[in-house]
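> With the input below, show me the fold.
(chains A and B)
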Amino acid sequence: MTMADAIERFVPDGSTVAMGTALEPLIPFAAGHEMIRQGRRDLELVGPISDALFDQLIGAGCVRRVTAAWVGNVSEGLGHCYRRACEQGVPAALEVHDHSNFSISLALWAAAWNVPSLPTRSLLGSDILRTNPNLSVGFGLVHVGAVRPDVAAIHVQRADAMGRAHVWGPLGITEEAGLAADKVIITCEELADSGVILSDPNRILLPETKVVAVVHEPGGAHPSPVQGHFKRDHAFYRDYAEQSRSEDGFASWLKRWVLDVPDRASYLQGLDIESLRIQHHKYSAPADFGDD
Amino acid sequence: MTEAPYTAQELMVAVAAREIQDGDIVFVGMRLPILAYAVALETHAPNARGLFEVGLMRDRPAEAYLGTMGDPPNVAGAVWATRMSNTMAVMAQGKVDLGFIGGAEVDRFGNLNTSYVGDPTQPAVKLPGSGGGADIAILSGRWVTLMDHEKRRLVDRASFITSPGHGDGSRGWRERNGLLGGGPVAIITTLCVFRFPEGGGEAYVDTVHPGHTLDEVREQTGWSVKLAKEVSETAPPTEAELSAIRKRDRITKD
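All right, here's what the predicted structure looks like:
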C-alpha cells in the first residue's frame, strides 16, 4: 500500500495516533508528513518523547491534543511550534496531557491489557498530577488511566506483506503502543519475504492481526536513525530548530520539506541520504529454531 | 589571573563523574552526564553500568559521537536492548543507584521544573516536559542535577514541580509522600556544588569552583543560600579526568 492510501484510509480527522514510540530512533516522519499533506485536523498525538515530529504536526495545525512525556527537539532543545501553540494558541490552541515516560508506557499497557488504569509509585509528588485529568491518586499510588490510540504508525527495519514486522534496537514503548492501538500501520525500510521473517518469530513485533497496512518506505524515518540502515541526521534537526523559531521560518520549512514534496522518494532526492547510510554492518548470530 | 586550564563544563563533568561509585547502575540521560559516565568508567568506577530509558543498558560508553541516547553507536555493544518499561522495572525495584536529570529551573529544595513557566493553563513558557525526569526523581536511589548557574534557573520555589526533590523541604517529606528513592544529593552548577542534608531539606553550598566566590554564588541564586559548616574549593579536574573528557571532545562541544 502507498503511504497516501494508508493515511487516507486509516487516519481520519479526529484520530488518536501513536507515533515515535521507540523514542529517538525509528520515528515515522514519512507517515506524519503525509498526514500534514492530507490536511488532517483534530488529531490527538500519543508518544513518549517526540523528536521534532509532533512539533511539525502541531505547527501545521493538525493537532487538538498532545498526550506525551516530552515534546521538543532532543539535540536542540525546545519545540518552537509547541511553544507557540501552548503560549499563544498559534496556529491553534492545544490541549496537553502531561505524562512521564513511565506513565505513558503504563497508560498504553493499561489499554493493551484492557483495564481502566495501572498503578505506579512514579509521579507521586509531581505537579503533573494536577494538570493531567487521566492521573489520579489512591491507596498511596498513582493510577494511570488507559490511553487507547485508534492507530499506531510504526517504522521498522523489515516486514513482510502480511504485516509481520522485524524491529531491533531499543523498543521504547512500541510494543504497548501497538497492542493498545486499534490498528497498526507498519512502514518499513525493507519489504522482506515471509520466509525471512518467519525464520525468527521472536523478533516479530506484533500479531499480524493488528496490522492494517504495510508501507514499503525506505528512508521513511529520516532524520531519525534506523539501526543498520541510517545514522541520525543531526544537521537536519539543527536546521529545523533554527527555521522553526519563527512562524514564517516554519512555514517555509514546511513548504520545502512537506507540502511541495509529493512523496518520500522526492523528499529523499533533496538530501545527501547516502552520507547517512550505515556503512559497517554488524550482524547478530542466527538463532537455531530447529524442531526435529 | 591566569585562565583556568579547563572549562566550566569540564569541571562540572568531572564533579558529576565523582558522584558515580563503582558498581552503580546509573540512569544516564544525555549530554554532560553521558560524558560523566565515560569519565567515571575510565577513572574510578570500571564496573558502573549505564541504563537508558530508550531501552538500553551499557557497561561502557559508546565510542562514537551521540546526538541522542538512541543513536546507533549507543545500541551496538549494549549489554541489553529492550523496551522502556523493562528499564523502569529495574528502577522501580530500587536497583538504580544514581540518576542524572536536567532542568530549566531548580529550587532550594531540589525540585525541578521542566514543564511550565507561569500558569500551566496559560504558560509564559511551555518547556518540553518530564521525559523520564519525574520517574528518575521519584524512583532512583539518589540523583544529581547539572545546571548553568543563573538567577532565573535557581529559584526560591519552582512554580511547577515536574520532578520532585525534597518537596516542601521538611524532613522526611519524600518518605511521607511515598516517593521511593532518596532524592537529590547534589546540584552541580557552573559556579559551585550544592548538597542536601540526609533525609531531605534545603540545599547548602558545599564547594565553590576555583576562580569563583561565594558572593557570585549569592548574587546568582534566587534564594538566600545556606552554607556548609566549612565551604571549600571544588577540586579541579585531575589529569586523568581531563584526558578522559577530551578524548570525547566532540561530545563536549555539543
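
> any low-confidence regions in chain B?
For chain B, residues meeting the criterion pLDDT under 70 lie at B:1-4, B:249-254.

> all helices of it, in order?
In chain B, the helices defined using DSSP state H lie at B:8-18, B:32-43, B:72-75, B:84-92, B:133-139, B:173-176, B:214-219, B:239-247, B:249-253.

> How far off centre is the fourth one?
When C-alpha coordinates are averaged (C-alpha atoms, centre = their mean, to the nearest Å), helix B:84-92 and its chain have centres 19 Å apart.

> CA atoms only: put that helix into PDB for me.
Extracted C-alpha coordinates of helix B:84-92, given in PDB (Å, rounded to 0.1, in the frame of the first residue of the first chain):
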ATOM      1  CA  MET B  84      11.400   1.100  28.200                       C
ATOM      2  CA  SER B  85       9.200  -0.500  30.700                       C
ATOM      3  CA  ASN B  86      11.900  -3.000  31.500                       C
ATOM      4  CA  THR B  87      14.400  -0.300  32.300                       C
ATOM      5  CA  MET B  88      11.700   1.200  34.500                       C
ATOM      6  CA  ALA B  89      11.200  -2.100  36.200                       C
ATOM      7  CA  VAL B  90      14.900  -2.100  37.300                       C
ATOM      8  CA  MET B  91      14.400   1.400  38.700                       C
ATOM      9  CA  ALA B  92      11.000   0.700  40.300                       C
END
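
> what comes into contact with it?
A:23, A:48, A:101-102, A:105-106, A:109, A:120-122, A:170-173, A:176, B:25, B:27, B:51-57, B:96, B:99, B:135-136, B:139-140, B:180 (C-beta atoms under 8 Å, 6 or more residues apart in numbering or on different chains). Placement of C-beta: from N, CA and C, glycine included.

> quick one: residue A:179 is in a helix?
Yes - looking at residue A:179 with DSSP: H, G, I helix; E, B strand; the rest coil, it is inside a helix.

> tell me, what residue is most central in chain B?
Centroid-nearest residue in chain B: residue B:145, 2.7 Å away (criterion: C-alpha atoms, centre = their mean).

> how many other residues sit next to the closest residue to residue B:186 other than its chain neighbours?
With sequence-adjacent residues excluded and distances taken as C-beta to C-beta, 6 or more residues apart in numbering or on different chains, residue B:186 is closest to residue B:144, at 4.7 Å. If you count neighbours by other C-beta atoms under 10 Å in any protein chain shown, residue B:144 ends up with 24.

> can you check residue A:216 too?
Around residue A:216 there are 18 residues (other C-beta under 10 Å).

> Surely it touches residue A:186?
No - at 9.6 Å, residue A:216 does not count as touching residue A:186 under the criterion of C-beta atoms under 8 Å.

> neighbours of residue A:227, just the number please.
22.

> can you pull the contacts of it?
Taking C-beta under 8 Å, 6+ apart, one finds A:25, A:157, A:168-169, A:278, B:72, B:75-76 in contact with residue A:227.

> how about the strands of the stretch 151-292 of chain A, start to end?
A:151-159, A:165-166, A:183-191, A:211-216 (DSSP state E, counting those that start in this stretch).

> Quickly check: the third one near chain B or not.
No - with C-beta under 8 Å from any C-beta of the partner chain as the criterion, chain B is not reached by strand A:183-191; the gap is at least 13.4 Å.

> by contact count, what packs against that strand?
Packing partners of strand A:183-191 (3 or more C-beta pairs under 8 Å, 6 or more residues apart in numbering or on different chains; DSSP states H and E): helix A:3-10, helix A:29-37, strand A:151-159, strand A:211-216.

> quick one: contacts of the helix or strand following the first one?
Once the chain leaves helix A:3-10, the next helix or strand it forms, by DSSP states H and E, is strand A:16-18. The set of residues external to strand A:16-18 that reach it, using C-beta under 8 Å, 6+ apart, is A:11, A:35, A:43-47, A:108, A:147-153, A:177, A:180-181.
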